[in-house]
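Undergrad: Okay, predicted coordinates and the sequence, questions at the end:
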Amino acid sequence: MLRPMTVQTGSPSAPPAPEPTRPPAPEPSAVGTFDLEDSLPRVPLPSLEDSCARFLAWCAPLLTPAELAETEAAVERFRAPDGPGPALHAALVRYEASEGVHSWLDEFWLDRYLGRRDRIALNANYFFLFPGVPEPAPNTPDTPGAQAQRAAELVAAALDFKIHLDAERVPPERRRGQAQSMVRDRYLFSTTRIPGIPRDTVRAPYTEQWPGPSDARHIVVFRAGRPFRLDVLGPDGTPRTIEELAAGLAAVIAAADPAPLPLSEQVSQLTTLARPAWAERRAYLRAHDPANAAALEDIERALLCVCLDEATPADSLETCDRLLHGGPTGGPTGGSGVNGAGGTAARWYDKAVTFVVFADGQAGINIEHCELDGATVLGFLDELFSAPAADLSARSGARSHGPVTPEPITFVLDDALRADVRAAAESFAAFGADTDSLTLSFPGHGANRAKSLKISPDALTQLAYQLAHHRAKGLVGATYESIATRGWHWGRTEAMRVVTPEVLAFVAAMEDPAADASARRAALRAAAAAHGARAGECQRGEAPEQHLWELEFVQRRHGDALGVPDPSPLYGTPGWRISREDYLSTSSAPSTKVEFFGFGSTSGRCIGVAYVLLPDRLNIYLSTPGPVAAGMHAFAERLGEALAELDALLAAD
C-alpha cells in the first residue's frame, strides 16, 4: 500500500509544525541547498526486539483475542534466536554499514515504489489544486488569454526555482529550527519514471548517467492530445520572458485545436497501463521506428510537463478529478472528449511534475510519487508562490530570446499500437469512472480553531475521522497516516497506524449514552495525546512497519543466501494483514498554497482522505472504489456532525 503524501503532526497540546520556510535566495556565501545533508543524523535502524514489540502493540486494538494470540505466536517464532528475524536483521545491519548507503531504507524505497506492478495513474500519483481563478483575459494575437498566461507564469516561477537549485542557492528548509533533507529536490526537473520488468527505473539528473543538474532547455506541452516540445531556456541557459513563454503556449493551442489527435494515436494513454504492460509496449514502440525513440527522448528529458486542458471544470470536485486522472467521474465517456469516446485528457503520468492549466486559468499539479513526497513538492510550491511571477522571472535573469516556435512531438504507430493506445484509454477512463469522489469544505474547523481549543489540529481531525467512520460503517478500522521524516539524512516518510487503545476508548465514550461531557472530553484529550505520542515515535524513527516490511524484502532478495529460503508466517498473520488493510488512508498538506489535494484509495474498501488544514477551514478530497461508494458518502455526512460535536465538547471545557 503506497501513500502519496506526507504530513507533519504536532504534539497533542500544540499545533502541527509550521510550514517549512524558505527565505529569499541567499548570497553566494550562505549555506547551499545540499550543504547540510551529510550533517543530518542517519535514520535510526530499530532493534528487532523493539519493532516486534511495537508491531504487536500497534496491531492489538484491531484484533480479536484469538487473532492477537496467533500473531504473537508468529512474532515469537520470527524473532527467536533460531528464527528468520535475526538473520534478516543482521543482513540489514550489514547493508546499512556498506559504503555508499545513505539509509537502511535505500533499497526499501526502490522496492516499495518502483516495484509496484499496477497502474500509477490514480493509484499512486497525487495532485494539488492551487487557490484562485485568474481574471478572464482576452485571447487575441497580442494577448494570449488566461490559460496561456497562467501556464507561462507557472513555468517562469519553476524556472526561477531551477536556476537557484542548479546553483545550490535554494536554502535548506527548516522545520521548528531543524534542517530538512533536500535530496528529493533533485528530482523535480527532467525526472521520468521508466517502466520495466521486474522493476521500474528512474531517469533523472544528478546520477552517474546524467551528472549534475539537468541541461535540458525544453518542456513538453500537451493540448488536444498532441504533445509539443517548447524551448523555455535560451541557448545560454537563461529563461525566456513570461511574454515569450505565453506566446509560445498560445501557439501550441492554436496549432493543436484545429486538429485534435485521434484517441488511438495519443501515446500518452499508454502511461495509464499497469507497469509490465507499459514496459512491453514502450519497448515495442521504441523498436518500431527511430522517430519514436527521439520522441520519447524529448518527453523523458523535458524539464517538466504542462497540460493545457480544453475543459473548464464546473466545480471543485470536477477540477480535482481532472487533476488526478484527466477526466470527471461519472462514466467511461468522461474526460476531455478529445475525438473519441472513452478518452481522458492527455497526461504523461511518468513525468515527475506536470502542471495542469484549465481553459479558465485554474491550475494545479500532478506528481509522480516514486521520488517526490508531498513535503518536497509543498516546499517547491511555497517558492513558486512566494512572489508575483514577474518578480520571480526577473530574479531568474529571464531575458528576451525572440519568438519561440513549438515543435510537434510525433510517434509512428502501426495498427497494433493504435489498438493498444485506444484500449488503454478506454480502460483507464472506465477505471476513473468507477472511482467515486467528493470534495468537502468545513469553514470554522481550521487549524486556528483547534489551537484555540488547546488541541492539536491534526489529532482533532483524525479523531473526527474515527468517530465518523464508526458511525457510518459500525466499526473502527485500520487507518494509515503518513508522517514526514525529512529531518533525517535522506529521510522521507514513515507509516503511522492511527488506531490506539485510546482511540477505541474515545469512540466508545462518544457512543455511550451514559457517558457525560466530562468523560467524553477526557477520552478525547487522552486519544489526542496518544496520537501525538505515536506521531513522535514515527518522527524519531521508532515505528515498526517499514522495518519489518524491509525485512520481508530482504528475504525476497537474499533469502537463499541467508538460510531463509521461505517467507515468514509473520507476514500472513491477522496482525500484519488487518493492520495494513486500510479502511481510511489519510494524509495532510499543511500549506496555505493549496486549496485541495488528493489521491486514489489503496484497496477495494478504502476511503482515501486527503486534507488541507487551512487556518480558517478544513478542505478534504475523498475517493473510493465505486462499488463501496455508499460508505464514503455516509462517512462524509457523519464527518460534519462529528466535527461540530467535538468542537462543542471542547468549547464547553
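TA: That came through fine.

Undergrad: so what's S400 closest to, chain neighbours aside?
TA: T241 (5.5 Å; CB to CB, 6 or more residues apart in numbering). All C-beta spots, glycine's among them, are computed from the backbone N, C-alpha and C.

Undergrad: now swap in W348 and tell me
TA: S268 (5.0 Å).

Undergrad: OK, contacts around T485?
TA: Applying CB atoms under 8 Å, 6 or more residues apart in numbering to T485 gives the contacts V43, G491, R492, T493, E494, C538, Q539, G541.

Undergrad: State the distance from it to W348.
TA: 30 Å (CB to CB, to the nearest Å).

Undergrad: How about A146?
TA: Where W348 is concerned, A146 sits at a distance of 24 Å (CB to CB).

Undergrad: Could you do I455 as well?
TA: 43 Å.

Undergrad: These two: who's more crowded?
TA: I455 (27 against 23; other CB atoms under 10 Å).

Undergrad: where along the stretch 551-653 of the chain do the helices fall?
TA: 574-580, 629-651 (DSSP state H, counting those that start in this stretch).

Undergrad: So the protein: which segments form each domain?
TA: Domains of the chain are assigned by automatic domain parsing as 1-8+435-542+581-653, 117-172+179-433.

Undergrad: who wins for proximity to A87 among the ones you listed?
TA: Nearest to A87 among the domains of the chain is domain 1-8+435-542+581-653; the distance by CB to CB comes to 22.5 Å.

Undergrad: avg pLDDT for that closest one?
TA: For domain 1-8+435-542+581-653, mean pLDDT rounds to 94.

Undergrad: could you check the distance from the nearest residue to D321 once chain neighbours are set aside over to A429?
TA: In space, and not counting its chain neighbours, D321 is closest to P328: 4.9 Å by CB to CB, 6+ apart. Counting by CB to CB, the separation of P328 from A429 is 10 Å.

Undergrad: Name the residue in those two with the higher neighbour count.
TA: Taking neighbours as other CB under 10 Å, P328 and A429 compare with A429 leading, 26 against 23.

Undergrad: hmm, back to that, surely the residue nearest to S400 touches P403?
TA: No: in this structure T241 lies outside contact range of P403 using CB atoms under 8 Å: 11.3 Å.

Undergrad: Those two: which has the busier surroundings?
TA: Counting neighbours by other CB under 10 Å for T241 and for P403 shows that T241 has the greater number, 18 against 10.

Undergrad: who touches the more buried one in this structure?
TA: Contacts of T241 by CB under 8 Å, 6+ apart are A156, S393, A398, R399, S400.

Undergrad: try 10 Å
TA: Going by CB atoms under 10 Å, 6 or more residues apart in numbering, T241 touches A152, A156, A247, A390, S393, A394, A398, R399, S400, H401.

Undergrad: T319 against A359, yeah?
TA: No: with contact defined as CB atoms under 10 Å, T319 does not reach A359; the gap is 11.6 Å.

Undergrad: Find residues that contact each of these two.
TA: A311, T312, P313.

Undergrad: mind putting those residues in CSV, pLDDT included?
TA: What follows is the shared contacts of T319 and A359, written out as CSV (pLDDT from 0 to 100):
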residue, pLDDT
A311, 94
T312, 95
P313, 96
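
Undergrad: What is the nearest of those residues to L646?
TA: The closest of those, once distances to L646 are taken by CB to CB, is P313, at 32.4 Å.

Undergrad: pLDDT wise, what is the closest residue to that closest one other than its chain neighbours at?
TA: Nearest residue to P313, sequence neighbours excluded (CB to CB, 6+ apart): T319, at 4.0 Å. pLDDT recorded at T319 is 97.
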